[in-house]
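Engineer: With the sequence up front, the predicted model follows.
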Amino acid sequence: MKVTIVGAGNVGATCADAIAYRRIASEIVLVDIREGFAEGKALDITQTQTTLGFNTKVTGSTNDYSKTAGSDVVVITSGIPRKPGMTREELIGINAGIVKSVAESLLQHSPKAVFVIVSNPMDTMTYLTFKTLGLPKNRIIGMGGTLDSSRFKTYLSLALDKPANDIQGMVIGGHGDTTMIPLTRLASYNGVPVSEFLSAAELEKVSADTMVGGATLTGLLGTSAWYAPGASVAYLVDAILNDQQKMIPCSVYLEGEYGQSDICIGVPCIIGKNGIEKIVEISLNDDEKAKFAKSADAVRAMNGDLKSILG
């Protein structure tokens, strides 16, 4: 199985490293516009083979997409990362042109690939990729909900003082500081609702911390996070390549599901070899429905900025 990752920066390289040492794919190609940068990252990862015990082939390419030919999954992390005080929405004008060009180049060489979009603002970039390429919607996946849900479970773990791997929870809605919806009502600790252990005020704090999880790290690091995003991409790629049929919140094009159409936004999906195998429509209460509709309105407003690019 072959995976291409475009963008050899912090997120892309961390993703490649995780896929390699976890033996998720047999071949990884890193692509970057900077001369020699992807080649250097690929060589560095390759030199960990003997100590970590994997045999994944990792190569780099400076803007040569012919080396990506025949990829089963392609990951787009291209574009500039957020800076302190910058919202994901402010990145639209800069990153849209980059993502469109990259997606078209990838499709030319890997016409059967599943596309995983990481570039921010992620829901809008997923929508742009879907509209640009004209592929079936199951082959265009936005990664954001995977990462947001990981952060949600982390904050629940901290509040509960219990192992994160014993906690289940998901985040739906837009991948933005004000648009994501942590589903505290459905979160559980080993099958027991977390509301049995945490007060309404504590759950509200967990939800608030989750929503600004990315911005918190940007403020601390001076740039976007990379370990958790890279691991989240690897987790999603693993589910695709190994047909795991996992339920993972992802940004996908909706056609009436959850009462929304002509939009890419985060909802629970079954992920397997075909990408999005199924959109899972869970029952939301009135408050959650209202939040989801508000989130969709915000994402749709951002998509309006793409009109000049989509033509």
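Structural biologist: Perfect, thanks for sending it. Residues are numbered from 1 along each chain as shown.
Engineer: Show me what counts as buried in the helix or strand hosting I98.
Structural biologist: Using DSSP states H and E, I98 maps to helix 92-109. Buried residues in helix 92-109, counting neighbours by 16 or more other Cβ atoms under 10 Å, are found at I92, N95, A96, I98, V99, K100, V102, A103, S105, L106, L107, H109. Every residue, glycine included, has its C-beta placed from N, CA and C.
Engineer: nearest to M125, of those?
Structural biologist: V99 (4.9 Å; Cβ to Cβ).
Engineer: What distance do you get for the closest one to T132?
Structural biologist: Counting by Cβ to Cβ, to the nearest Å, the separation of V99 from T132 is 8 Å.
Engineer: what does K162 give?
Structural biologist: K162 is 44 Å from T132, by Cβ to Cβ.
Engineer: So for these two, which sits in the more crowded spot?
Structural biologist: Each of K162 and T132 has its neighbours counted (other Cβ atoms under 10 Å); T132 has more, 20 against 15.
Engineer: Verify the contact between the more buried one and S101 for me.
Structural biologist: No - with contact defined as Cβ atoms under 8 Å, T132 does not count as touching S101 (9.5 Å).
Engineer: Show me what the top strand by length along the chain packs onto, helices and strands only.
Structural biologist: Among the segments of the chain that qualify as a strand by DSSP state E, the longest is strand 261-272. Packed against strand 261-272, as judged by 3 or more Cβ pairs under 8 Å, 6 or more residues apart in numbering; DSSP states H and E, are the following elements: helix 122-133, strand 140-142, helix 144-160, strand 171-173, helix 227-241, strand 246-255, strand 275-279, helix 286-303.
Engineer: can I assume T59 sits in a strand?
Structural biologist: Yes - according to DSSP: H, G, I helix; E, B strand; the rest coil, T59 belongs to a strand.
Engineer: wait, it sits on I28?
Structural biologist: Yes - counting by Cβ under 8 Å, T59 does reach I28; the two are 7.5 Å apart.
Engineer: Neighbour count: those two, which is higher?
Structural biologist: For the pair T59 and I28, the greater number of neighbours falls to I28 (27 against 17), based on other Cβ under 10 Å.
Engineer: Please determine how far I181 is located from S207.
Structural biologist: Taken as Cβ to Cβ, the span from I181 to S207 is 8 Å.
Engineer: Specify which residue of these two has the higher count of neighbours.
Structural biologist: For I181 versus S207, the count of surrounding residues by other Cβ under 10 Å is larger for I181: 24 against 19.
Engineer: Wait, a strand at the more buried one?
Structural biologist: Yes - under three-state DSSP, I181 sits within a strand.
Engineer: Identify the residues contacting it.
Structural biologist: With contacts defined as Cβ atoms under 8 Å, 6 or more residues apart in numbering, I181 is in contact with V171, I172, G173, E288, K291, F292, S295.
Engineer: Against P249, how distant is the nearest residue to the fifth one once chain neighbours are set aside?
Structural biologist: Okay, so that is K291. Among residues not flanking K291 along the chain, I181 sits closest, at 4.9 Å (Cβ to Cβ, 6 or more residues apart in numbering). Distance, I181 to P249, using Cβ to Cβ: 10 Å.
Engineer: Between these two, which contacts overlap?
Structural biologist: Joint contacts of I181 and P249 (Cβ under 8 Å, 6+ apart) are V171, I172.
Engineer: Within its local environment, how many residues does A208 see?
Structural biologist: If you count neighbours by other Cβ under 10 Å, A208 ends up with 12.
Engineer: Could you check the longest strand of the chain and say which residues are buried?
Structural biologist: Neighbour-count burial for strand 261-272 flags I263, C264, I265, G266, V267, P268, C269, I270, I271, G272 (criterion: 16+ other Cβ under 10 Å).
Engineer: Dump that strand to PDB, restricted to CA.
Structural biologist: Output of strand 261-272 as PDB, limited to C-alpha atoms (Å, rounded to 0.1, in the frame of the first residue of the first chain):
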ATOM      1  CA  SER A 261     -26.700  19.800   1.900                       C
ATOM      2  CA  ASP A 262     -23.900  21.200  -0.300                       C
ATOM      3  CA  ILE A 263     -21.500  21.400   2.600                       C
ATOM      4  CA  CYS A 264     -18.500  19.500   4.000                       C
ATOM      5  CA  ILE A 265     -18.700  19.200   7.800                       C
ATOM      6  CA  GLY A 266     -17.900  16.800  10.600                       C
ATOM      7  CA  VAL A 267     -20.200  13.900  11.300                       C
ATOM      8  CA  PRO A 268     -19.700  10.300  12.400                       C
ATOM      9  CA  CYS A 269     -18.600   8.100   9.500                       C
ATOM     10  CA  ILE A 270     -17.700   4.400   9.000                       C
ATOM     11  CA  ILE A 271     -14.200   4.400   7.500                       C
ATOM     12  CA  GLY A 272     -12.800   1.600   5.400                       C
END
